[in-house]
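>>> next come a sequence and a model predicted from it.
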Amino acid sequence: MLMEAKGIQVTYEQGKNQQIFALSNVDLVINKQDWISILGPSGSGKTTLLNVLAGLHTRFEGTVEFNGKKYSDFTKEELQHMRRNKIGYIFQDYRLFDQYTVLENVMMPYWPYENKLHLKSKAKEIIGHLGLTERIDALPNELSGGEKQRTAIARALLNEPDVLLCDEPTGNLDEDNRDHILEILKTLNEQGITILLVTHDPLVGKLGNREYYMRDGRLQEVQPT
Ligand SMILES: Nc1ncnc2c1ncn2[C@@H]1O[C@H](COP(=O)(O)OP(=O)(O)OP(=O)(O)O)[C@@H](O)[C@H]1O
């Protein structure tokens with residue numbers, strides 16, 4: 001088992017005296033090389049779950065374990081280290097920095113922590129693998145949606161994470177770009193990377209080895225038909 005979430009509850013305060021139960025008693029086991037899809041309506045809690053698993057949202061009840069160790073037992077530094085080295089996160093809105101090039105965006109999260117020459121060579125290599133070498137000096141506003149997404153994937157993959165958390169990775173893309181991104185994810189999964197993917201697209205949801213549906217913060221496995 002790679003990761004396990006048990007009894008996860010997340011409550012947000014909204015406005016005065018209003019509480020939103022974003023996640024209610026969510027259990028999820030993620031095994032190595034799984035490809036898990038999560039579907040569900042807008043606002044049902046999918047992004048919140050990814051944030052909890054990524055160690056970005058730390059105010060929750062329940063436990064999350066990575067390789068058998070509870071997040072609550074990690075120090076802040078250990079959690080950050082794990083996020084940089086074990087977990088790749090592809091955000092719904094790409095989260096690229098407008099003033100920085102493709103190369104700089106890919107290196108950015110790792111810049112303070114790594115040898116610059118080594119980092120640059122790793123970044124160039126992964127940018128090449130994702131077919132972006134010719135766009136390496138481009139700024140995000142000069143990129144197509146598919147190129148932005150591939151830049152975000154390159155950034156998430158730089159340190160060869162064990163798991164890739166993907167929030168709507170094909171949501172803003174046309175069919176050709178969608179297929180290209182799915183092909184990239186499929187290859188990564190075959191190479192051993194575990195994938196957890198949130199999607200609104202029922203066809204994309206069918207691609208994994210397990211499918212879940214989230215409604216009102218509750219996660220339920222969809223039985224294969
Ligand atoms: N920072 C926050 N403060 C208050 N409420 C929040 C916050 N983030 C999310 N919520 C609420 O929590 C619920 C779950 O939100 P979440 O973003 O996890 O849903 P989602 O399923 O990912 O939606 P979408 O498919 O639209 O991205 C929603 O009701 C949302 O309004």
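Thanks, I have it.

>>> going by C-alpha atoms from here, please, whenever you check contacts or count neighbours.
OK.

>>> name the next helix or strand following the lengthiest helix in the chain along the chain.
Longest helix in the chain, counting residues (DSSP state H): helix 175-190. Elements were assigned by DSSP states H and E; along the chain past helix 175-190, the next helix or strand is strand 194-198.

>>> partner strands of that next one, parallel or antiparallel?
Note on strand 194-198: by DSSP bridges, its sheet partners are strand 35-39 (parallel), strand 163-167 (parallel).

>>> contacts for the longest helix of the chain?
Helix 175-190 is contacted by residues 33-35, 130, 146, 149-150, 169-170, 195 when judged by Cα atoms under 8 Å, 6 or more residues apart in numbering.

>>> in that helix, what counts as buried?
177-178, 181-182, 184-186, 188-189 (16 or more other Cα atoms under 10 Å).

>>> same thing with stretch 130-144?
130, 132, 135-136, 138-140.

>>> am I right that residue 127 is in a strand?
No - counting by DSSP: H, G, I helix; E, B strand; the rest coil, residue 127 is not part of a strand but helix.

>>> ok, it to residue 44 distance?
Per Cα to Cα, to the nearest Å, residue 127 is found 34 Å from residue 44.

>>> what's the answer for residue 180, then?
Distance from residue 180 to residue 44, by Cα to Cα: 28 Å.

>>> quick one on the thing from earlier: I'd like to know which of the contacts of helix 175-190 are part of helices.
Reading helices off the contacts of helix 175-190 with DSSP H, I get 146, 149-150.

>>> before we move on, the earlier item: farthest pair in the buried residues of stretch 130-144?
Spatially, the most separated pair among the buried residues of stretch 130-144 is 130 and 139, at 16.5 Å (Cα to Cα).

>>> I figured residue 157 was touching residue 90, is that so?
No - Residue 157 lies out of contact with residue 90 (Cα atoms under 8 Å); the separation is 9.5 Å.

>>> shared neighbours, those two?
residue 164.

>>> need the strands paired with strand 194-198 in CSV (columns: mean pLDDT).
Output for the strands paired with strand 194-198, formatted as CSV (pLDDT from 0 to 100):
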stretch, mean pLDDT
strand 35-39, 98
strand 163-167, 97
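
>>> count the residues that sit near residue 49.
23 (other Cα atoms under 10 Å).

>>> confirm that it sits in a strand.
No - per three-state DSSP, residue 49 lies outside any strand segment and is helix.

>>> excluding its backbone neighbours, what's nearest it?
residue 23 (7.3 Å; Cα to Cα, 6 or more residues apart in numbering).

>>> got it, and residue 138?
The shortest distance from residue 138 to any non-neighbouring residue, by Cα to Cα, 6+ apart, is to residue 101 (5.2 Å).

>>> separation between the most centrally placed residue in the chain and residue 128?
The chain has residue 165 as the residue nearest its centroid, 2.2 Å off, counting by Cα atoms, centre = their mean. Separation of residue 165 from residue 128 (Cα to Cα): 22 Å.
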